[in-house]
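K.L.:
return atomic coordinates for the entry below.
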Amino acid sequence: MSDEETSTPSAAEAANAWNATIIDEFRANDGKLGGPFEGSPVLLLHTTGARSRTARTNPMMYLHEAETIYVFASKAGADTNPDWFHNLVAEPHVTVEMGNEKFDATARPVEGDERDRIYAVQAQRYPGFAEYQAKTTRVIPVVELVRT
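P.N.:
Residues are numbered from 1 along each chain as shown. Next comes the predicted model:
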């Protein structure tokens, strides 16, 4: 056997493969997912790599409140922000897929009391988000996606 046949995928490779499966299911079912995301609001966020300039797509849960869309850079409570957050801070022009709709948006990090209120709403609806915040010392960023 070669090393390729016996090697275990890295965490990044495993995450990319998992994301690809979710993205395929999302697109095949007009944005509806089964499994652990069944019934949850999930969108696809397209960002541009800050250094590589490579197009990236990440599935994520969102909050749609009063005609405003928010996403959360939770990374399941890890001590670092997800790469997609770094990318959209560097290049805030993004594309969003929600259901069978695709649109351009500008990403705007939300801070202070507004961030705390929005995160609390998400954590109340989906308690996993409260667990993510409890696992880390960083303040999990909230990002508003403003249609352009």
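K.L.:
can you map out the strands along this protein?
P.N.:
Remark: strands assigned in the chain by DSSP state E are 42-48, 55-65, 68-72, 93-98, 101-110, 142-147.
K.L.:
so the longest one versus strand 142-147, what angle?
P.N.:
Strand 55-65 and strand 142-147 are oriented at 100 degrees to each other (axes from the mean of the first three to the mean of the last three CA atoms, to 10 degrees).
K.L.:
so for the residue nearest the centre of the chain, what's the pLDDT?
P.N.:
Centrality entry for the chain: nearest residue to the mean C-alpha point is residue 60, 3.4 Å, by CA atoms, centre = their mean. Model confidence at residue 60, expressed as pLDDT, equals 95.
K.L.:
what about the closest residue to it other than its chain neighbours, how many residues close to it?
P.N.:
Nearest residue to residue 60, sequence neighbours excluded (CB to CB, 6 or more residues apart in numbering): residue 71, at 5.3 Å. Any C-beta I mention is one placed from the backbone N, CA and C, and that applies to glycine too. If you count neighbours by other CB atoms under 10 Å, residue 71 ends up with 24.
K.L.:
need the helix or strand of the chain with the lowest average pLDDT.
P.N.:
The helix or strand of the chain with the lowest confidence, counting by mean pLDDT, DSSP states H and E, is helix 3-6 at a mean of 48.
K.L.:
what sits against residue 140?
P.N.:
When contacts are counted by CB atoms under 8 Å, 6 or more residues apart in numbering, residue 140 touches 72-74, 77, 119, 129, 132-133.
K.L.:
the same query, at a cut-off of 7 Å, please.
P.N.:
Going by CB atoms under 7 Å, 6 or more residues apart in numbering, residue 140 touches 72-74, 119, 132-133.
K.L.:
the residue nearest to residue 60 contacts residue 143, correct?
P.N.:
Yes. Between residue 71 and residue 143 a contact is recorded at 5.1 Å, counting by CB atoms under 7 Å.
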